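Asker: Need a 3D model of the following:
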Amino acid sequence: MSVDLATVKRVAHLARIAVSDTEAERMMGELNGILGFVEQLSEVDVTGIEPMTSVTPMVMRKRADVVTDGSKAGDIVANAPLTDQNFFLVPKVVE
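Answerer: From the prediction side, this is the model:
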């Protein structure tokens, strides 16, 4: 995939970046270089290779996946004028 000058200007417009014609041409070369490198990476056979989280072998620390209320419900509603069982009470609005 290659990027042309119109694509560079369109991306710059979407990103709200003002670029001159000379800057757009320079960026076109840089973006094509990056995309060429990505295409080279897609040619590498990575079947059977585990994803890495670090360059050194380590076990990821994970917390238990449990559903809790965060043990902060009382703290959250502490300054509310009206509460009921850790829920905010608000006046009913009918228009």
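Asker: Every contact and neighbour count from this point should use C-alpha atoms.
Answerer: OK.
Asker: buried sites along the biggest helix by length in the chain?
Answerer: Secondary structure of the chain per DSSP state H: the longest helix is helix 21-42. For helix 21-42, burial by neighbour count (16 or more other CA atoms under 10 Å) applies to 24, 25, 27, 28, 31.
Asker: In TSV: the residues you listed, plus pLDDT and distance to residue 18.
Answerer: Formatted as TSV, the buried residues of helix 21-42 follow (pLDDT from 0 to 100; distance: CA to CA, whole Å):
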residue	pLDDT	distance to residue 18
24	94	10
25	93	13
27	93	12
28	94	15
31	93	17
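Asker: Can you name the residues that contact residue 5?
Answerer: Contacts for residue 5 (CA atoms under 8 Å, 6 or more residues apart in numbering) come out as 24, 25, 28.
Asker: my guess is the last one meets residue 6, correct?
Answerer: Right, residue 28. No - contact criterion CA atoms under 8 Å: residue 28 and residue 6 do not qualify, at 9.4 Å.
Asker: what's the helix or strand following the longest helix of the chain in contact with?
Answerer: In the C-terminal direction, the helix or strand that comes right after helix 21-42 (DSSP states H and E) is helix 73-76. Helix 73-76 is contacted by residues residue 86 when judged by CA under 8 Å, 6+ apart.
Asker: what mean pLDDT would you report for helix 73-76?
Answerer: Mean pLDDT, helix 73-76: 88.
Asker: and that helix, C-alpha only, in PDB?
Answerer: What follows is helix 73-76, C-alpha atoms only, in PDB (Å, rounded to 0.1, in the frame of the first residue of the first chain):
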ATOM      1  CA  ALA A  73     -20.500   3.000  48.000                       C
ATOM      2  CA  GLY A  74     -20.800   4.500  51.500                       C
ATOM      3  CA  ASP A  75     -18.000   6.900  50.900                       C
ATOM      4  CA  ILE A  76     -19.500   8.000  47.500                       C
END
